[in-house]
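>>> Quick one, what's the 3D model for this:
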Amino acid sequence: MDFKKIVIISPYRGIGDIIFHIPLFNGLYKKYKSKLIIITNSASKAKFLLKNQKYIRKIYYINFKRENQIKNSYLFLKKLNYLSADISILTAPTKRLVIPLLISNSKKKIFFKKNNIKDLAKYIFLQSKNIFSDLNFESNYKIKTNSPFILDHTLFINIDSHHDQNNWGEENFIKLIQKIIEIKMIKKIYINFSPNKLRKFKKIFDKFNKEKKILFTYKKKFGEIISYINHSKIVIGNESGPICIGAALNRKVLSIYHPKHTNKSSLTINKKVKFFNTKEISSSKIILKILKFLK
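As a prediction, this is how the structure comes out:
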């Protein structure tokens with residue numbers, strides 16, 4: 001089969017959002033036997049998440065924001081023309097991106113259509129199947145890393161999310177962590193939050209910073225964060241990027257979410273994820289259920 005230069009454009013910002021594309025990446029790679037070029041947002045952390053995947057040729061970060069729309073659309077078009085792809089696939093129906101795609105020098109131009117599906121993972125999967133009806137897409141969202149071993153008796157806890165309204169709350173995590181520390185079999189606890197949110201979580205940092213079992217990871221590079229998640233036996237936290245990574249690494253995942261503010265994103269990635277709906281279950285019961293699971 002002839003080599004094809006295939007470019008996939010994913011303008012979505014979330015870490016989980018790039019993971020939702022993995023069945024599409026795998027399906028295209030199997031069909032064309034050609035490694036893929038990905039254009040996406042830097043917020044997706046795709047260069048870290050996908051660097052060990054055999055189907056990746058190159059990943060480019062560009063700005064897809066509506067601010068400076070004319071400039072950003074021009075730079076997007078310039079990048080497409082530079083790549084001069086045999087096939088370019090835009091996984092969104094956004095007009096300001098569709099137009100540069102259609103006037104680019106890509107030989108074949110494909111973009112996903114609008115529909116009423118709000119679950120992005122389901123949207124990406126169904127659009128992929130509809131457009132590439134000859135491909136056998138698998139619901140496999142696993143990623144590989146260079147640190148495959150698991151450290152028994154190790155936990156990774158993520159206490160924030162991209163959208164703060166989804167956060168379970170600092171006081172709840174303090175109560176949970178205090179109880180987890182008392183479990184003798186738990187030897188190491190990684191606590192993660194975004195570097196720019198240290199002031200927001202100052203209380204939890206001050207309380208546990210000197211605890212021997214705990215390592216705060218907010219200063220660590222993203223590649224190190226992935227390693228910590230991969231080393232951990234169990235991943236706990238708000239439904240967020242690190243939770244989706246834990247699911248993609250096939251770790252045992254306990255996801256805390258509020259249905260008004262977020263979907264069960266990691267459910268798509270790993271159907272073994274255990275969910276705690278904060279609208280239906282009180283914080284005290286969630287803590288008890290997590291502790292019961294850990295013991």
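
>>> Return the distance of the most centrally placed residue in the chain relative to residue 74.
Computing the C-alpha centroid of the chain and ranking residues by C-alpha atoms, centre = their mean puts residue 16 first, at 2.3 Å. Counting by C-beta to C-beta, to the nearest Å, the gap between residue 16 and residue 74 amounts to 29 Å. Any C-beta I mention is one placed from the backbone N, CA and C, and that applies to glycine too.

>>> what does residue 117 give?
For residue 117, the distance to residue 74 (C-beta to C-beta) stands at 31 Å.

>>> Residue 81 too?
For residue 81 relative to residue 74 (C-beta to C-beta), the value is 11 Å.

>>> Please report the number of neighbouring residues for residue 3.
Residue 3 is surrounded by 10 other residues when neighbours are defined as other C-beta atoms under 10 Å.

>>> Now do the same for the residue nearest to it when sequence neighbours are not counted: its pLDDT.
Once its chain neighbours are removed from consideration, residue 3 has its nearest residue in residue 34; the separation is 5.5 Å (C-beta to C-beta, 6 or more residues apart in numbering). Among the per-residue scores, residue 34 holds a pLDDT of 94.

>>> Surely residue 34 is in contact with residue 8?
No. Under the criterion of C-beta atoms under 8 Å, residue 34 makes no contact with residue 8, lying 11.7 Å away.

>>> neighbour-wise, which of the two wins?
Neighbour count, other C-beta under 10 Å: between residue 34 and residue 8, residue 8 has more, with 21 against 18.

>>> where's that one relative to residue 185, distance?
43 Å.

>>> what's the answer for residue 81, then?
Computed as C-beta to C-beta, the residue 81 to residue 185 distance reads 57 Å.

>>> Which one's more surrounded, those two?
Applying other C-beta under 10 Å to residue 81 and residue 185 shows that residue 81 carries more neighbours, namely 14 against 8.

>>> Hmm, residue 104 and the more buried one touching each other?
Yes. Assessed by C-beta under 8 Å, residue 81 is found in contact with residue 104 at 5.6 Å.

>>> between those two, what contacts are shared?
Here residue 81 and residue 104 share no contacting residue, scored by C-beta atoms under 8 Å, 6 or more residues apart in numbering.

>>> Contact partners for the residue nearest to residue 217 when sequence neighbours are not counted?
In space, and not counting its chain neighbours, residue 217 is closest to residue 192: 4.6 Å by C-beta to C-beta, 6+ apart. With contact taken as C-beta under 8 Å, 6+ apart, residue 192 is in contact with 156, 157, 158, 159, 216, 217, 218, 225, 228, 237, 242.

>>> So among these, which ones count as buried?
The neighbour-count test (16 or more other C-beta atoms under 10 Å) marks 156, 157, 158, 159, 216, 217, 218, 225, 228, 237, 242 as buried among the contacts of residue 192.

>>> Which ones among those residues lie within helices?
In helices, judged by DSSP state H, the following of these are found: 225, 228, 242.

>>> now the last one: how far from residue 38?
Put plainly, it is residue 242. 21 Å.

>>> so how far is residue 47 from the closest residue to residue 105 other than its chain neighbours?
Counting by C-beta to C-beta, 6+ apart, residue 105 lies nearest to residue 81, which is 5.0 Å off, once chain neighbours are set aside. Distance of residue 81 to residue 47, given as C-beta to C-beta: 22 Å.
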